[in-house]
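*Asks:* Pasting a predicted model and its sequence here:
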Amino acid sequence: MKIALVAQHTVPLSSARPIGQAEDEIKLRNLSRGLAADGHNVTVYAQRPDREAPNHAELCPGVMVEYIGPAAGGRDDAEMLARVPGFAAPLHDHLHEDRPDVVHALRWTSGLAALAAARDLNIPVVQSFSPLCVTEQRHHLLPPGTGTERIRLEPAIGRTARAVLAGSSDEESELARVGVPRRSIRIVPSGVDTDSFTPEGPVADRSDRPRLVTLTGLDSHEELATLLRALSRVPDAELVIAGGPPARRLDADPAYRKLAELAETLGVADRVEFAGQVARTALPELLRSADLMVSVSEYDPAGTTMLEAMACGTPVVAAAADGQVDSVIDGTTGIIVPPHRPAVLAERIRQLLAHPMQLAAFGVAAADRARSRYSWDRIARETAAVYDRASEMAA
């Protein structure tokens, strides 16, 4: 099958990126590689990152990247929307000259461009939002007064596309609530690199204390405060908080100072390590060093950090939110806990740490689930199945 992946907002980049950055690039790269490994011919259409960028480049065997449109600028909604016409016109020309069987648009402005470019070519368009604007607004992730155009256009894009991919059951429900027909929605979760994230491999240095690791930005104050309060009820355990600015810049970060002050107040400062920004290449070692990966985030639509921990054989304790509920099997690969309940969180952590055999069994089950359900090979096959169905409907 000939596949066009449209990613106006991003380009494939090096995997040596900090936690929390370049998630779209990582997904794009791994999905395209998985599709190519199954014998599909894949072309990624991305906005030109700068005026000096070449017109095209090979990402990997079977995957070409075509840089089109004007050089990229800012990534806020207004700027991305303003650049759609300049991106859609050359995209139409490319699709006309090198016609694919299906176009898969990643995020909303790519969807607008793909639908405009494919309108008179009778090429089916598959859409991924990851996530919807209404979801980000509900979790207060957008600046006040922003998202007006996006919240209006995303439902229209979803209703016009031949199929819409949801990353989780929560996103499927959200898409249906904004008016996307359920018959058009298919759940295909994000994947995990099971070659890099494995139980075997180097392990980061650690003390003899039971180790908890969490991966999140330091601006998630309420969630991290819950975790710090839980830690105060788990004697002797240590907590590594990976995320935020580089370690050398932590002292200048207001969010770090606020959390460090809370750790002092709770009497756990000597058991908390703020690791700062961690390169993705160092992440498997850190996850392997943990007895438990803990996420109290209320918003992790793809559950990516959970999957990476599970792939490393590290059991997970996660808040009941978004993609985490789909990826973690409660009582088998980890534990699901209610959000904002530090006493309950602490109790479940203590129970797990007190039963090393159960902890080991959870780790084995977690690694098996990550490999069998979330490998990029499987995710690519499930995505291609959606493409096949969309193409059959267009025939």
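*Replies:* Received, thanks.
*Asks:* show me where the stretch 51-200 of the chain has strands.
*Replies:* 56-60, 63-68, 102-106, 125-128, 163-166, 185-187 (DSSP state E, counting those that start in this stretch).
*Asks:* Nearest to Glu298 among these would be which one?
*Replies:* Closest of the strands of the stretch 51-200 of the chain to Glu298 is strand 163-166, at 18.7 Å (criterion: C-beta to C-beta). The C-beta positions use only the backbone N, C-alpha and C, and glycine is treated the same way.
*Asks:* quick one: contacts of that closest one?
*Replies:* 124, 126-129, 158, 172, 174-175, 180, 184-188, 383, 386, 389-390 (C-beta atoms under 8 Å, 6 or more residues apart in numbering).
*Asks:* what mean pLDDT does it have?
*Replies:* Taken as a whole, strand 163-166 has a mean pLDDT of 97.
*Asks:* Next, the buried residues of it.
*Replies:* Ala163, Val164, Leu165, Ala166 (16 or more other C-beta atoms under 10 Å).
*Asks:* Who does the third one form a beta bridge with?
*Replies:* It stands for Leu165. As for beta bridges, Leu165 partners with Ser128, Arg186 under DSSP bridges.
*Asks:* coming back round to it: between the buried residues of strand 163-166, which is nearest His221?
*Replies:* Ala166 (29.2 Å).
*Asks:* Chain neighbours aside, what residue packs nearest to the closest one?
*Replies:* Spatial nearest neighbour of Ala166, excluding adjacent residues (C-beta to C-beta, 6 or more residues apart in numbering): Glu172 at 4.1 Å.
*Asks:* what residues are up against the closest residue to Thr10 other than its chain neighbours?
*Replies:* Spatial nearest neighbour of Thr10, chain neighbours left out: Asp24 (4.5 Å); criterion: C-beta to C-beta, 6+ apart. Neighbour list for Asp24: Ala7, His9, Thr10, Leu106, Arg107, Ser130 [criterion: C-beta under 8 Å, 6+ apart].
*Asks:* what does Val328 give?
*Replies:* By C-beta under 8 Å, 6+ apart, Val328 lies in contact with Gly303, Met306, Met310, Val316, Ala318, Gly334, Ile335, Ile336.
*Asks:* any idea which helix or strand comes after the helix or strand hosting the residue nearest to Thr10?
*Replies:* If you go by DSSP states H and E, Asp24 is part of helix 23-37. Using DSSP H and E, the helix or strand that follows helix 23-37 in sequence is strand 41-47.
*Asks:* What ranges does the stretch 151-300 of the chain have for its helices?
*Replies:* If DSSP state H, counting those that start in this stretch is used as the criterion, the helices of the stretch 151-300 of the chain fall at 169-177, 221-231, 254-266, 283-288.
*Asks:* In the first one, which residues are buried?
*Replies:* What it means is helix 169-177. Those would be Asp170, Glu171, Glu172, Glu174, Leu175, for helix 169-177 by 16+ other C-beta under 10 Å.
*Asks:* Correct me if wrong: the first one contacts Gly303.
*Replies:* No - under the criterion of C-beta atoms under 8 Å, Asp170 makes no contact with Gly303, lying 10.2 Å away.
*Asks:* one step back: right, so of the helices of the stretch 151-300 of the chain, which gets closest to Glu58?
*Replies:* helix 283-288 (26.6 Å).
*Asks:* so where's this protein uncertain?
*Replies:* 11-22, 73-75, 145, 300-302, 322-324, 394-395 (pLDDT under 70).
*Asks:* Could you break it into its assigned domains?
*Replies:* Per the record's domain assignment (automatic domain parsing), the chain is made up of the domains 2-191+375-394, 211-373.
*Asks:* just so I know, which of the ones you listed lies nearest Gly201?
*Replies:* In terms of C-beta to C-beta, the element of these nearest to Gly201 is domain 211-373, at 5.9 Å.
*Asks:* quick one: terminal-to-terminal distance for the closest one?
*Replies:* 27 Å (C-alpha to C-alpha, to the nearest Å).
*Asks:* and stretch 51-66, how far out from the chain's middle?
*Replies:* 23 Å (C-alpha atoms, centre = their mean, to the nearest Å).
*Asks:* Tell me who's in contact with the closest residue to Ala275 other than its chain neighbours.
*Replies:* Leaving aside its sequence neighbours, Ala275 sits nearest to Ala242 (C-beta to C-beta, 6+ apart; 4.5 Å). Residues near Ala242 by C-beta under 8 Å, 6+ apart: Ile19, Val213, Thr214, Leu215, Thr216, Ala275, Gly276, Val278, Leu283, Leu286.
*Asks:* neighbour-wise, which of these leads?
*Replies:* Counting neighbours by other C-beta atoms under 10 Å, Val213 comes out on top of these with 27 neighbours.
*Asks:* hang on, the earlier thing: for Ser232, state which of the contacts of Ala242 is nearest.
*Replies:* Nearest to Ser232 out of those is Thr214 (C-beta to C-beta; 15.1 Å).
*Asks:* hang on, that closest one packs against Val294?
*Replies:* Yes - judged on C-beta under 8 Å, Thr214 makes contact with Val294 at a distance of 5.0 Å.
*Asks:* Overlap of the contact sets of the two?
*Replies:* Joint contacts of Thr214 and Val294 (C-beta under 8 Å, 6+ apart) are Leu227, Leu239.
*Asks:* thinking again about what came up before, ok, the buried residues of helix 169-177 vs Pro90, which is closest?
*Replies:* The closest of these to Pro90 turns out to be Leu175 (C-beta to C-beta; 29.4 Å).
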